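Asks: sequence unknown, structure follows:
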């Protein structure tokens, strides 16, 4: 019988990421909105304010939904990728590849691709190498690139 695995992000990286996004949100967004409301020649251009707010929104989406902070492999061979607001499940036997996301643009994220779904997870997880070894035992045709 196969054992279960639970990989979770360890260390200060998630807290630093959330702290950065929180600072951008709590300081930048109110200042930009106040500048837009006040108007005037010396205030922030509306396009810059809109782009800044969109960027902060995208960073919150990445932190809360897009990237998993935990990966679980059950004894039945089911993989579960958990982020703060979303959970993705897939069969480990259906995995096609594990590779870095964005082909080098994002070295901190791994992309787990199956026939039907795709999930992203942080590289800085405790037990990730053991998980990948077990996934390789379940699916010998699993393609590993840059892992």
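Replies: Perfect, I can see it now. Keep in mind the model is a prediction, meaning the values are calculated, not measured. Numbering: from 1, shown residues only.
Asks: Would you mark the buried spots in the helix or strand that residue 33 is a member of?
Replies: Using DSSP states H and E, residue 33 falls within helix 29-38. Across helix 29-38, burial judged by 16 or more other C-beta atoms under 10 Å covers 32, 35-36. Glycine gets a C-beta too; all of them are placed from N, C-alpha and C.
Asks: Make sure residue 117 is actually in contact with residue 86.
Replies: No: Residue 117 lies out of contact with residue 86 (C-beta atoms under 8 Å); the separation is 11.9 Å.
Asks: for the most centrally placed residue in the chain, what are its contacts?
Replies: When C-alpha atoms, centre = their mean is applied to the chain, the residue found nearest the centroid is residue 67 (1.6 Å). By C-beta atoms under 8 Å, 6 or more residues apart in numbering, residue 67 lies in contact with 83, 109, 120-122.
Asks: remind me, longest strand of this protein?
Replies: Longest strand of the chain, by residue count under DSSP state E: strand 106-114.
Asks: Check the offset of the helix or strand that that one is followed by from the chain's centre.
Replies: Counting by DSSP H and E, the next helix or strand C-terminal to strand 106-114 is strand 118-122. Centroid separation for strand 118-122 versus its chain: 6 Å, with C-alpha atoms, centre = their mean, to the nearest Å.
Asks: Brilliant, that's me finished.
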